[in-house]
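Colleague: Need coordinates for the following:
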Amino acid sequence: MLITYHDGSIREVAIVDQEVPYPDGKLIVSRTDPSGVITHANQAFVDMSGYPLDELIGSSHCVLRHPDMPATAFQDLWVTIKTGKKWHGYIKNLRKDGAYYWVKATVIPNIRNGELMGYTSVRRKPSRSKVEQCTALYLQMNILSS
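Modeller: Next up, the predicted model:
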């Protein structure tokens, strides 16, 4: 499957309809520069994404974007964080092996001395009921936008 990103870049990925369960008690943490390029990833991020650390660092965070995610969800994220506000949401991420995992994400702008330095994202295990709600909602959003 070909995925086209917001910046116009395209990549081919193999999609596997297999969920990798989010481990209990783990937090996925990453930092990006202001344009969304990954500058830090913790071991839980490496483990869940299936990418080695050296492939994550320097890559756009959108490398994890699953095609089931509606573009409007990420538009809302970017509009919110670019105004300096915290964003919360549920995201279906694409692993390197084509499987997926769900997260409850919080993205926070990193501002130092009044200057935006980038963003920190902390992801935790979502409830099953929220995953089921979002699966149905995102499907409906994608149908309406096509």
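Colleague: where exactly do the helices run in the chain?
Modeller: 43-49, 53-56, 71-82, 128-145 (DSSP state H).
Colleague: got those as TSV, with mean pLDDT columns?
Modeller: Shown next, in TSV, are the helices of the chain (pLDDT from 0 to 100):
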stretch	mean pLDDT
helix 43-49	98
helix 53-56	97
helix 71-82	91
helix 128-145	93
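Colleague: beta partners of residue 112?
Modeller: residue 115 (DSSP bridges).
Colleague: going forward, begin numbering at 30 instead of 1
Modeller: Renumbered: residue one is now 30, and that last one reads residue 141.
Colleague: Would you state the predicted confidence (pLDDT) at it?
Modeller: Per-residue pLDDT puts residue 141 at 94.
Colleague: sorry, back to before: got JSON lines for the helices of the chain, with mean neighbour count and distance to residue 127 too?
Modeller: No exception for glycine: its C-beta is placed from N, CA and C like everyone else's. Shown next, in JSON lines, are those (neighbours: other Cβ atoms under 10 Å; distance: least, Cβ to Cβ, whole Å):
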{"stretch": "helix 72-78", "mean neighbour count": "18", "distance to residue 127": "12"}
{"stretch": "helix 82-85", "mean neighbour count": "14", "distance to residue 127": "15"}
{"stretch": "helix 100-111", "mean neighbour count": "15", "distance to residue 127": "20"}
{"stretch": "helix 157-174", "mean neighbour count": "13", "distance to residue 127": "18"}
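Colleague: Quick one: residues contacting residue 155.
Modeller: With contacts defined as Cβ atoms under 8 Å, 6 or more residues apart in numbering, residue 155 is in contact with 51, 119, 131, 132, 133, 163.
Colleague: hmm, which of these are the buried ones?
Modeller: Buried members of the contacts of residue 155, counted by 16 or more other Cβ atoms under 10 Å: 51, 119, 131, 132, 133, 163.
Colleague: Count the neighbours of the closest residue to the first one other than its chain neighbours for me.
Modeller: So the one you mean is residue 51. Spatial nearest neighbour of residue 51, excluding adjacent residues (Cβ to Cβ, 6 or more residues apart in numbering): residue 154 at 4.2 Å. For residue 154, the count of nearby residues is 18 (other Cβ atoms under 10 Å).
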